[in-house]
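*Asks:* compute the structure for the input listed below.
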Amino acid sequence: MSASRTDQLRAIRDEIVGLVQSPLYQYRTQNGYFPVIGQGDHYANIMFIGEAPGKNEAETGLPFCGASGRVLDELLASINLDRQQVYVTNIVKDRPPNNRDPQKAEIELYAPFLERQIDIIQPNVIATLGRFSMEFVLRRFGSARANQRISQLHGTVIDVSTSYGKASVVPLYHPAAALYNASQRSTLEHDFQALIPFISDDKPSTMKLL
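*Replies:* Sure, this is the predicted structure:
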């Protein structure tokens, strides 16, 4: 009998907790931070992928729990979607110092964990939050649009082929952009409309932190 999705995600969590070869491991342990694995429905139709956790996230182990998370929740509510119905994670699972952008080596190290999460959850749509996430996901699935800018692709639906079948990628600006630029908030609200066709009517599963 194959392991359940929850058990498979727990195995990923345990591997990341002990990932001593990560250049971010020492920074995590010295500061009493947690790795941020992901949170949400393990059978979600929609999976949100950000770049890397910030300070609030590393202190709690929860993805998008600070100001950006508040914006994300408001954007989900704008399309009548609850956090419990989606799965939220990042490419890099540990906080980079001073909230700097994740480095190429860090993305390469953590990417296999994200790829396994995608294969386990099997979302119908992957909503990328920010440029790093968009570029990684589109390249990962061999999209011909991987070299285009987020300013060109935000809010569009891009079909890709995955290990479990056809899926769609929807590039979105990072919710943090709305904290500094009011026009980005209206853009994000408009772009989130692209997710409406992917919302399931099924009752959401219990929210899990993994």
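
*Asks:* pretty sure residue 94 contacts residue 28?
*Replies:* Yes: assessed by C-beta atoms under 8 Å, residue 94 is found in contact with residue 28 at 5.1 Å. Bear in mind the C-beta positions are built from the backbone N, C-alpha and C, glycine included.

*Asks:* return the helix or strand in the chain with minimum mean pLDDT.
*Replies:* When each helix and strand of the chain is scored by mean pLDDT, DSSP states H and E, strand 208-209 comes last, with a mean of 74.

*Asks:* ok, that strand: who's next to it in the sheet?
*Replies:* Paired with strand 208-209 in the same sheet, following DSSP bridges, are strand 39-40 (antiparallel).

*Asks:* other residues contacting the strand it pairs with?
*Replies:* Here strand 39-40 makes contact (C-beta atoms under 8 Å, 6 or more residues apart in numbering) with 62-63, 83-89, 207-210.

*Asks:* 7 Å - rerun?
*Replies:* Under the criterion C-beta atoms under 7 Å, 6 or more residues apart in numbering, residues 62-63, 83-84, 86-88, 207, 209 lie in contact with strand 39-40.

*Asks:* repeat for stretch 105-125
*Replies:* Contacts with stretch 105-125, where a contact means C-beta under 7 Å, 6+ apart, come from 5, 8-9, 12, 16, 22-24, 38, 42, 44-47, 49, 87, 89, 91-93, 96, 126, 136, 140, 163-164, 167-168, 170, 195, 198.

*Asks:* filter those residues down to the buried ones.
*Replies:* Among these, those classed as buried by 16 or more other C-beta atoms under 10 Å are 5, 8-9, 12, 16, 22, 24, 38, 42, 44-47, 49, 87, 89, 91-93, 96, 126, 136, 140, 167-168, 170, 195, 198.

*Asks:* follow-up on the earlier one: what touches both of residue 94 and residue 28?
*Replies:* Shared contacts of residue 94 and residue 28, counting by C-beta under 7 Å, 6+ apart, come down to residue 35.

*Asks:* neighbour count: those two, which is higher?
*Replies:* Neighbour count, other C-beta atoms under 10 Å: between residue 94 and residue 28, residue 94 has more, with 26 against 21.
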